[in-house]
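> got a sequence here, can you build the structure:
(one chain, ligands or ions: 1)
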Amino acid sequence: MKKRVVIVGAGFGGLELSATLSEKLGDGVDITLVDQNDSFVFGFSKLEVMFGRATPAEVRIPYRTIAKPGVRFVQQTVAAIDPEAKRVTTDRAVFEADYLVIALGADYDAGATPGLAEAGNEYYSMSGADRIRSVLPAFTRGNAIVGVCGAPFKCPPAPSEAALLLHDHLMRRGIREQCTITLVMPFGSPVPPSPDTSRALVAAFAERNIAFVPSRQVRQLSAARRVAVLDDGSELPYDLFLGIPKHVAPQVVQASGLTENGWISVHPRTLETRYPGVYAIGDVSNPGTPKAGVFAEGAARSVASALIAALTGVGQQEPYAGAGSCYVEFGGGQIGRVDVDFFSGPKPTGSYQAASAALRADKEHFASSRRARWFGMSR
Ligand SMILES: Cc1cc2nc3c(=O)[nH]c(=O)nc-3n(C[C@H](O)[C@H](O)[C@H](O)COP(=O)(O)OP(=O)(O)OC[C@H]3O[C@@H](n4cnc5c(N)ncnc54)[C@H](O)[C@@H]3O)c2cc1C
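Residues are numbered from 1 along each chain as shown. This is a model prediction of the structure:
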């Protein structure tokens with residue numbers, strides 16, 4: 001009988017893992033890829049949607065286009081995970097695995113920030129980004145806040161990108177002078193591992209009159225007084241709040257007993273949990289790297305090498321490198337790039353490529369190469 005690999009979650013991590021296993025092993029292995037949704041969306045597409053540059057339908061990539069030897073995609077919701085038995089129960093079936101990989105990402109807990117759901121907006125979910133698209137036209141003057149409500153959060157540059165793109169949006173509408181923009185972030189600098197990237201972002205904020213409030217997060221929103229209360233008790237008035245909600249592991253993962261300090265604890269180099277043959281990759285896990293698609297992909301490639309070695313008896317696992325590149329939107333069509341490395345040295349390091357129009361082609365290639373590789377779509 002073929003060995004069974006069950007991958008729960010078809011995001012950056014699950015898609016990269018299933019594509020790599022299929023490329024290397026073809027029909028020689030039985031891969032089940034489970035996701036509750038019918039389509040994948042790049043995280044950065046939510047910025048496109050919130051500022052009205054694309055509709056949700058335009059950025060969704062349907063899973064039905066996946067046609068990979070050995071891979072069966074099932075659209076089901078995972079209801080229980082038994083890591084000891086390597087068994088996953090969904091709303092419709094039970095899947096037994098020889099190797100189980102959990103790639104369920106991070107969920108949002110809007111309720112952890114009182115007032116956020118009633119008196120604010122979040123742009124980290126597709127529904128939230130879509131709602132902002134319809135809320136933004138009504139904002140014509142006053143104070144806008146882009147505020148982080150908890151750490152860790154996905155894609156550390158994304159709040160800075162939202163503040164810069166909001167500036168562009170308000171400029172285009174000719175109302176920038178009537179509005180303030182404040183960015184509230186829990187870190188001391190926008191991208192802590194890369195001082196050069198942080199310096200470039202802080203300079204861009206200053207040029208655009210965006211107030212940057214470092215080392216703070218938003219604790220609650222008062223609907224009645226229209227103020228955001230920060231974690232030191234200080235208050236900022238707002239008319240438009242674009243939030244990054246507190247992130248949590250999906251409920252089904254918390255119930256599995258695999259979490260420690262909120263996230264699945266894994267060996268940072270092998271991504272294996274304390275259960276043999278059970279791995280966790282991407283945002284749901286805590287190997288010591290940021291929550292970002294490129295890190296989920298890197299983890300997937302490492303786990304793929306482990307499974308290929310185990311299934312073929314050839315080679316060995318390539319340790320998870322903990323390094324990746326991110327493109328950073330500066331607005332005005334300018335894109336910067338930051339390359340970060342969390343494991344090679346005694347502390348994380350990062351290098352920066354200055355924002356330019358030329359790097360847009362690189363970012364577009366990043367997206368189109370994944371569409372081609374994971375979904376077989378033409379570029
Ligand atoms: C605004 C924004 C901008 C971003 N920009 C970038 C960027 O430029 N570069 C970058 O690298 N990263 C970026 N990211 C981060 C990136 O999107 C995530 O870090 C990445 O998607 C994580 O991959 P993952 O595989 O761990 O999880 P995900 O991609 O979130 O996939 C998890 C999957 O699990 C599924 N799932 C969850 N629960 C269940 C369940 N119970 N049953 C079935 N299925 C379930 C979900 O439907 C989802 O498809 C950005 C994120 C945001 C919000």
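> the ligand contacts on the protein?
When proximity is defined by CB under 6 Å from any ligand atom, the chain lies next to the ligand at 9-14, 34-37, 43-44, 46-47, 77-78, 103-105, 124, 154-155, 158, 250, 252, 282-284, 291-294, 296, 326-327. To be clear about C-beta, it is placed using only N, CA and C from the backbone, and glycine gets the same treatment.
> now with 5 Å?
Residues of the chain lying close to the ligand by CB under 5 Å from any ligand atom are 9, 11-13, 35-37, 43-44, 46, 77-78, 103-105, 124, 154-155, 158, 250, 252, 282-283, 291-294, 296, 326.
> list the contacts for the residue of the stretch 201-350 of the chain found nearest the ligand?
Nearest residue of the stretch 201-350 of the chain to the ligand (CB to the nearest ligand atom) works out as Gly282 at 2.2 Å. Gly282 makes contact with Gly9, Gly11, Phe12, Gly13, Gly14, Ala103, Gly105, Lys291, Phe295, Ala296, Ala299, Ala300, according to CB atoms under 8 Å, 6 or more residues apart in numbering.
> could I get the contacting residues of the nearest residue to Ala204 once chain neighbours are set aside?
Nearest residue to Ala204, sequence neighbours excluded (CB to CB, 6 or more residues apart in numbering): Phe330, at 5.6 Å. Residues near Phe330 by CB under 8 Å, 6+ apart: Glu161, Leu164, Ala200, Leu201, Ala204, Gly336, Ala355.
> quick one: mean pLDDT for the host helix or strand of Arg337?
Secondary structure assigned from DSSP states H and E places Arg337 in strand 334-341. Averaged across strand 334-341, pLDDT comes to 98.
> quick one: the strands in the stretch 201-350 of the chain?
According to DSSP state E, counting those that start in this stretch, the stretch 201-350 of the chain carries its strands in the segments 210-213, 218-222, 227-230, 235-237, 240-244, 247-248, 259-260, 263-264, 278-280, 323-331, 334-341, 349-356.
> among those, which is nearest Asp27?
Checking these against Asp27 by CB to CB gives strand 278-280 as the closest, at 22.2 Å.
> ok so, going back, just say which of the strands of the stretch 201-350 of the chain is most tucked in.
strand 278-280 (a mean of 27; mean count of other CB atoms under 10 Å).
> which other helices and strands does that one contact?
strand 99-102 (3 or more CB pairs under 8 Å, 6 or more residues apart in numbering; DSSP states H and E).
> helices and strands around the strand it packs on, which ones?
Going by 3+ CB pairs under 8 Å, 6+ apart, strand 99-102 lies up against strand 4-8, helix 12-25, strand 278-280, helix 293-312.
> okay, Tyr99 and Gly28: tell me how far apart.
14 Å (CB to CB, to the nearest Å).
> hmm, I was thinking of Gly150
Gly150 is 43 Å from Gly28, by CB to CB.
> can you check Arg176 too?
From Arg176 to Gly28 the distance is 58 Å (CB to CB).
> higher neighbour count, those two?
Arg176 (17 against 14; other CB atoms under 10 Å).
> how about the more buried one, what does it touch?
With CB under 8 Å, 6+ apart, Arg176 has these contacts: His167, Leu170.
> what residues of stretch 364-379 count as buried?
Phe366, Ala367, Arg370, Arg371, Trp374, Phe375 (16 or more other CB atoms under 10 Å).
> equivalent analysis for stretch 288-308, please.
289-308.
> pull the distance from that stretch to the chain's centre.
The chain centre lies 13 Å from the centre of stretch 288-308; the measure is CA atoms, centre = their mean, to the nearest Å.
> what pLDDT, on average, does that stretch get?
Taken as a whole, stretch 288-308 has a mean pLDDT of 98.
> wait, Gly332 touches His167, no?
No: at 9.2 Å, Gly332 and His167 do not qualify as touching, with contact defined as CB atoms under 8 Å.
> how about the spatially closest residue to Ala112 that is not a sequence neighbour, what does it touch?
Excluding its sequence neighbours, the residue lying closest to Ala112 (CB to CB, 6+ apart) is Lys246, at 4.1 Å. Going by CB under 8 Å, 6+ apart, Lys246 touches Tyr108, Asp109, Ala110, Ala112, Thr113, Cys149, Gly150.
> OK, contacts around the third one?
When contacts are counted by CB under 8 Å, 6+ apart, Ala110 touches Leu116, Ala117, Glu122, Pro245, Lys246.
> go again with 7 Å.
When contacts are counted by CB atoms under 7 Å, 6 or more residues apart in numbering, Ala110 touches Leu116, Ala117, Glu122, Pro245.
> from those residues, which ones fall inside strands?
Glu122 (DSSP state E).
> mind checking which of the contacts of Ala110 are buried?
Here, 16+ other CB under 10 Å leaves Leu116, Glu122, Pro245 buried among the contacts of Ala110.
> do I have it right that Ile308 meets Ser22?
No: taking contacts as CB atoms under 7 Å, Ile308 lies outside contact range of Ser22: 11.1 Å.
> just give the closest residue to Val135, not the sequence neighbours.
For Val135, the nearest residue in space outside its immediate sequence neighbours is Asn121; the separation is 6.0 Å by CB to CB, 6+ apart.
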